[in-house]
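Enquirer: I would like to see how this sequence folds:
(4 chains)
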Number of protein chains: 4
Amino acid sequence: MESIVRKGIAFDRELLKKFDSLNKKKGYKNRSEAIRDLIRKEFVTEETTDPEKRMMATLTMVYDHHKHDVQHNLTHMQHHHSDLIRSTLHVHIDHDNCMEVLILEGKVKDIVHFSDSMLAEKGVKHGKLVMTSG
Amino acid sequence: MESIVRKGIAFDRELLKKFDSLNKKKGYKNRSEAIRDLIRKEFVTEETTDPEKRMMATLTMVYDHHKHDVQHNLTHMQHHHSDLIRSTLHVHIDHDNCMEVLILEGKVKDIVHFSDSMLAEKGVKHGKLVMTSG
Amino acid sequence: MESIVRKGIAFDRELLKKFDSLNKKKGYKNRSEAIRDLIRKEFVTEETTDPEKRMMATLTMVYDHHKHDVQHNLTHMQHHHSDLIRSTLHVHIDHDNCMEVLILEGKVKDIVHFSDSMLAEKGVKHGKLVMTSG
Amino acid sequence: MESIVRKGIAFDRELLKKFDSLNKKKGYKNRSEAIRDLIRKEFVTEETTDPEKRMMATLTMVYDHHKHDVQHNLTHMQHHHSDLIRSTLHVHIDHDNCMEVLILEGKVKDIVHFSDSMLAEKGVKHGKLVMTSG
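Expert: Reported below is the predicted structural model:
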């Protein structure tokens, strides 16, 4: 189990007041939790600049399943990188559009390269990669 | 079926050369496709500034399932916003950490508010919201 | 003079260790200062979503001064929005390219609109807006 | 003088219509210019991932000149990196706050490192780095 330490942090009174009210608006019940979240966000940003770092990621894509062989091609490419893919979730948005969310795990450089090639595929209309870590 | 139009676009020769080589690196087989993707990315950025716009989204979260009642609380909150949630995907990262990916659909303002409150929950270590549209 | 308050914040021991080492790498001499900076960054992000909020901003642009009437047009547009512009800094990058940095002050919506129209001008090759506040 | 080439680009009719109307709103008079700007923005994003690439940058900082020796320290640090700094612009925001904008030129890694250390300085309340190229 993780051990907890308590440290005194100095705030300008006005900054603290504004921070507490932002946290309330966002739904935080606890100031320490809000600060830890800001710190973790900073780490994730930092980690994604290291191409060798192992991370988790989600790749969200929207594509038109009527178009070309997009579904076939995407499946084909996923099988060639099955070591990177933990699972895939598929949602039917409307008559034309599908959303596919891939859960990826691997080195930053491999995740970025695979994600680029998926988004470059004809028929994929929009997509975005989010990296995170445990 | 969508109709296609072809338009003449003027490029500086050097810019075009660099663009073609970036596209090749990213895996694009087709210059028009790369340009359409840049345009669509611009639209999604634009749309997310309108709080009333209906969009799709994925919320990626990492949390420590040992901590507090995080799993219970997250499930509870999801049931209170079941109108926003299309589906939920769960991945066990390691001994402590879980990744949960929610597929959301609704107005930008409701998606942002719900996402803020999930990420503010104690035990949720990191998360990010991606909005997209068909 | 601003008054300072000191608050106890709970950290996981491991998170604190990683945070201290990141801060050292970035040049922080003081943990409280690093936390206050994370909080202020969060506020600036928050404030820029309010179109009526008054803010400061810098608009960085690169343009080719040989092209068209770009310099003339940019100057003309700046004079039509002289109420937004505090000052302008000009740097000659190389034979062709100039960098111009505008210091802006005004409502978020006016800053964004003016910035869009400057970046849309023919000959302006790249640019980016940064908003900040006191 | 740069030579211009004209290439046929295929668009879905609906996408083109939305793109033209966004461009009009932003102030573009010309579709090709809007596309070239999207492409150049993509390059700048790409270039900043290469630590050895030489770029131009602006660092925007807000600080409280009453606090500590912030002004003295910032000047001191700037003199130690005078090879990176092309010029510095200073604006008095209000009674307490100053804005300082530094024009930087150098390798991506040196710009990032210098910028981190400036923003880490006690008294600097907020800041942001923008990289660009000619």
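
Enquirer: quick one: A:His76 is in a helix?
Expert: Yes. Looking at A:His76 with DSSP: H, G, I helix; E, B strand; the rest coil, it is inside a helix.

Enquirer: ok, it - how many residues close by?
Expert: 11 (other CB atoms under 10 Å in any protein chain shown). (Glycine included, C-beta is placed from N, CA and C.)

Enquirer: ok, which stretches of chain A are helices?
Expert: Using DSSP state H, the helices found in chain A span residues A:13-26, A:31-47, A:70-80, A:108-119.

Enquirer: And the first one, what's buried?
Expert: Neighbour counts using 16 or more other CB atoms under 10 Å in any protein chain shown place A:15-16, A:19, A:23, A:26 of helix A:13-26 among the buried residues.

Enquirer: same question, the longest one
Expert: Applying a neighbour-count criterion of 16+ other CB under 10 Å, the buried positions in helix A:31-47 are A:31-44.

Enquirer: Give me the contacts around that helix.
Expert: With CB atoms under 8 Å, 6 or more residues apart in numbering or on different chains as the test, helix A:31-47 has contacts from A:9, A:19-20, A:23, A:26, A:28, A:53, A:55, A:108, A:131-133, B:119-120, B:122, B:124-126, C:7, C:9-12, C:15, C:18-19, C:22, C:35, C:38-39, C:42.

Enquirer: ditto for stretch A:106-122
Expert: A:47-48, A:50-55, A:57, A:59, A:61, A:63, A:67-68, A:70, A:73-74, A:77, A:81, A:83-84, A:102, A:104, A:124, A:127, A:129, A:131, B:23, B:25-30, B:33-34, B:37.

Enquirer: Likewise for stretch A:50-60?
Expert: Residues contacting stretch A:50-60 (CB under 8 Å, 6+ apart): A:47-48, A:86, A:99-109, A:111-112, A:115, A:118, A:127-134, B:58, B:60, B:62, B:91, B:93, B:99, B:101, B:130, B:132.

Enquirer: Check stretch A:11-30 too.
Expert: By CB under 8 Å, 6+ apart, stretch A:11-30 touches A:31, A:34, B:116-117, B:119-122, C:2-7, C:32, C:36, C:39-40, C:42-43, C:46.

Enquirer: switch to 6 Å and redo it
Expert: A:34, B:116-117, B:120, C:2-3, C:5, C:39 (CB atoms under 6 Å, 6 or more residues apart in numbering or on different chains).

Enquirer: Out of those residues, which one has the lowest pLDDT?
Expert: Ranked by pLDDT, the contacts of stretch A:11-30 bottom out at C:Glu2, which scores 61.

Enquirer: Return the entry from the contacts of stretch A:11-30 with the maximum number of neighbours.
Expert: Going by other CB under 10 Å, A:Ala34 tops the contacts of stretch A:11-30 with 23 neighbours.

Enquirer: And it, how far from chain D?
Expert: According to CB to the nearest CB, to the nearest Å, A:Ala34 and chain D sit 18 Å apart.

Enquirer: Please apply the same query to A:His79.
Expert: 28 Å.

Enquirer: count of neighbours near that residue?
Expert: 9.

Enquirer: Could I get the pLDDT score of it?
Expert: The model's pLDDT for A:His79 equals 88.

Enquirer: same thing with A:Met1?
Expert: A:Met1 is given a pLDDT of 48.

Enquirer: Contact partners for the residue of chain A found nearest chain D?
Expert: Per CB to the nearest CB, A:Thr49 is where chain A lies closest to chain D, at 8.0 Å. With contacts defined as CB under 6 Å, 6+ apart, A:Thr49 has no neighbours.

Enquirer: Confirm for me that A:Ala10 is in contact with C:Lys7.
Expert: No. With contacts counted by CB atoms under 6 Å, A:Ala10 stays clear of C:Lys7, the gap being 8.3 Å.

Enquirer: show me the contacts for the residue nearest the centre of chain A.
Expert: What sits nearest the mean C-alpha location of chain A, by CA atoms, centre = their mean, is A:Val130, with 2.3 Å. For A:Val130, the contact set (CB under 6 Å, 6+ apart) comprises A:58, B:60, B:128, B:130.

Enquirer: For chain A, which residues score under the pLDDT cut-off?
Expert: Within chain A, the stretches with pLDDT under 70 are A:1-2.

Enquirer: Show me how it divides into domains.
Expert: As given by automatic domain parsing, the domain ranges for chain A are A:13-47, A:54-132.

Enquirer: Give the burial count for the residue nearest to A:Val91 when sequence neighbours are not counted, as a bare number.
Expert: Spatial nearest neighbour of A:Val91, excluding adjacent residues (CB to CB, 6 or more residues apart in numbering or on different chains): A:Met99 at 4.4 Å. Other residues near A:Met99 come to 24 when the count uses other CB under 10 Å.

Enquirer: Please verify my assumption that A:Met99 contacts A:His92.
Expert: No. At 8.0 Å, A:Met99 does not count as touching A:His92 under the criterion of CB under 6 Å.

Enquirer: so how far is chain C from A:Thr49?
Expert: As for A:Thr49, its distance to chain C is 12 Å (criterion: CB to the nearest CB).

Enquirer: and that residue, what are its phi and psi?
Expert: For A:Thr49, the backbone dihedrals are phi -90, psi -10 (criterion: degrees, to the nearest 10).

Enquirer: likewise A:Pro51?
Expert: Torsion angles, degrees, to the nearest 10, at A:Pro51: phi -60, psi -20.

Enquirer: before we move on, what about A:Glu52?
Expert: According to degrees, to the nearest 10, A:Glu52 has phi -90, psi -10.

Enquirer: what about stretch A:19-33, distance to the chain center?
Expert: 23 Å (CA atoms, centre = their mean, to the nearest Å).

Enquirer: do the same with stretch A:102-112
Expert: That offset, for stretch A:102-112, works out to 11 Å (CA atoms, centre = their mean).

Enquirer: Give me the buried positions along that stretch.
Expert: So for stretch A:102-112, counting by 16+ other CB under 10 Å, buried means A:102-106, A:108, A:110-112.

Enquirer: which one of these sits closest to chain B?
Expert: Nearest member of the buried residues of stretch A:102-112 to chain B, counting by CB to the nearest CB, is A:Ile103, at 5.3 Å.

Enquirer: For the closest one, give me its contacts.
Expert: Counting by CB under 6 Å, 6+ apart, A:Ile103 touches A:58, A:86-87, B:91.

Enquirer: give me that answer again for 8 Å
Expert: A:Ile103 makes contact with A:56-58, A:85-89, B:89, B:91, B:99, B:101, according to CB under 8 Å, 6+ apart.

Enquirer: Please name the bridge partners of it.
Expert: A:Thr58, A:Ser87 (DSSP bridges).

Enquirer: measure it to chain C for me?
Expert: 24 Å.
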